[in-house]
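Engineer: This is the structure alone, sequence omitted:
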Ligand code: MEV
């Protein structure tokens, strides 16, 4: 028997752009998914999914989750022909679009297998195993979610489009950053949204060239602002990032509504995070008091809200 954890994540800057090799900045969350593994007589594997979840999420993602689990098991070369793996997922990370739930699940399973069979896998290998799991959710993941889930902390991430090692840099933020995370309650398909963006990009190369260039400059400014703990600039850049995400059509009305609500009520900036078209919105507060206030207002509008500190 063994156990493993995978942390949730939030993308502060650069979802979707990161798929095309542009830099993104993500932070792991303190909430995690855990996997407990028992070896039983029989063959194959059995999954008990006790994770808390947005209604409909587990049903919508069921096939992808099963394929992801298969991919992770195959990556680790565990023989399931003469033994059965009983896998129980739990933890305090809410399985929802935008929080890195799929990556957290794959990472927790890789770590639980590593623990159970004493494979002595390095974090790099755990990350590779989790990346294989992520491929089940969409064919071309950037790898940012599993990287944040595996290593934790605040990271600058650049996907190597030639298949070599991705650039992963830990960023030390100058300040602890109070974030509000609001759940639209809508589960989006990452695969579908990523494909839509690709089609749009192919149909509008010049428009995308300009958006990508604007985003690239924004990411560089965001890193400097994070290092300096310049909260006002971080917030402003988050809102600008949201506008670029609107331009590539990954925001939905409900995302825009939550962004506006947070800003109107004192957030320094806000944006969708993750896949978009529903999923989650993050907002930056200058203090814990403002964070509480914004969270209460969003909750009163009927949305699930979490408060967290990153950096
Ligand atoms: C999903 O959390 C983030 C996306 O950029 C996809 C990816 O990076 O693989 C939309």
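Structural biologist: Nice, thanks for sending it over. Computed from a prediction, not measured in an experiment: that's the story for all the values here. Numbering: from 1, shown residues only.

Engineer: Up against the ligand, what does this protein have?
Structural biologist: Within the chain, the positions adjacent to the ligand are 15, 16, 18, 19, 141, 142, 144, 145, 190, 194, 274, 275 by Cβ under 6 Å from any ligand atom. For glycine as for every other residue, the C-beta is placed from the backbone atoms N, C-alpha and C.

Engineer: I'd say the last one and residue 100 touch.
Structural biologist: No. Applying Cβ atoms under 8 Å as the test, residue 275 and residue 100 come out as separate, 10.5 Å apart.

Engineer: okay, those two: which has more neighbours?
Structural biologist: residue 100 (33 against 24; other Cβ atoms under 10 Å).

Engineer: Excluding covalently adjacent residues, which one is nearest to the more buried one?
Structural biologist: In space, and not counting its chain neighbours, residue 100 is closest to residue 9: 3.6 Å by Cβ to Cβ, 6 or more residues apart in numbering.

Engineer: quick check: longest helix of the chain.
Structural biologist: helix 205-228 (DSSP state H).

Engineer: Report the contact partners of the residue positioned nearest the centre of the chain.
Structural biologist: For the chain, the residue nearest the mean C-alpha position is residue 100 (3.1 Å; Cα atoms, centre = their mean). The neighbours of residue 100, taking Cβ atoms under 8 Å, 6 or more residues apart in numbering as the test, are 7, 8, 9, 10, 29, 145, 148, 149, 274.

Engineer: mind running it again at 10 Å?
Structural biologist: 6-11, 26, 28-29, 31, 33, 93, 106-107, 134, 144-149, 273-274, 280 (Cβ atoms under 10 Å, 6 or more residues apart in numbering).

Engineer: The top strand by length along the chain: which residues count as buried?
Structural biologist: When the chain is parsed with DSSP state E, its longest strand is strand 24-40. When burial is assessed from 16 or more other Cβ atoms under 10 Å, strand 24-40 yields the following buried residues: 24-29, 31-37.

Engineer: Please report the distance of whichever residue of the stretch 151-300 of the chain sits closest to the ligand from residue 18.
Structural biologist: Nearest residue of the stretch 151-300 of the chain to the ligand, counting by Cβ to the nearest ligand atom: residue 274, 4.0 Å away. Distance of residue 274 to residue 18, computed by Cβ to Cβ, to the nearest Å: 11 Å.

Engineer: so what secondary structure elements neighbour the helix or strand just after the longest helix of the chain?
Structural biologist: Sequence-wise, the next helix or strand downstream of helix 205-228 (DSSP states H and E) is helix 231-247. The contact analysis (3 or more Cβ pairs under 10 Å, 6 or more residues apart in numbering; DSSP states H and E) places helix 231-247 against strand 2-13, strand 24-40, strand 177-183, helix 205-228, helix 253-264, strand 269-273, strand 280-284.

Engineer: Turn these into TSV, including mean pLDDT.
Structural biologist: What follows is these, written out as TSV (pLDDT from 0 to 100):
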stretch	mean pLDDT
strand 2-13	97
strand 24-40	96
strand 177-183	96
helix 205-228	98
helix 253-264	98
strand 269-273	98
strand 280-284	98
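
Engineer: Can you list the residue ranges for helices in the stretch 51-200 of the chain?
Structural biologist: Assigned by DSSP state H, counting those that start in this stretch, the stretch 51-200 of the chain shows helices spanning 57-60, 62-76, 101-116, 123-135, 144-151, 190-203.

Engineer: any idea how far the last one is from the chain center?
Structural biologist: Relative to the chain's own centre, helix 190-203 is displaced by 18 Å; criterion: Cα atoms, centre = their mean, to the nearest Å.

Engineer: If you count neighbours, what's buried in it?
Structural biologist: Judged by neighbour count using 16+ other Cβ under 10 Å, the buried positions of helix 190-203 are 190, 191, 193, 194, 197, 201.

Engineer: Export the buried residues of strand 24-40 to JSON lines and append columns for distance to residue 264.
Structural biologist: Listed next are those as JSON lines, based on distance: Cβ to Cβ, whole Å:
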{"residue": "24", "distance to residue 264": "27"}
{"residue": "25", "distance to residue 264": "25"}
{"residue": "26", "distance to residue 264": "26"}
{"residue": "27", "distance to residue 264": "25"}
{"residue": "28", "distance to residue 264": "29"}
{"residue": "29", "distance to residue 264": "25"}
{"residue": "31", "distance to residue 264": "27"}
{"residue": "32", "distance to residue 264": "33"}
{"residue": "33", "distance to residue 264": "34"}
{"residue": "34", "distance to residue 264": "38"}
{"residue": "35", "distance to residue 264": "41"}
{"residue": "36", "distance to residue 264": "44"}
{"residue": "37", "distance to residue 264": "47"}
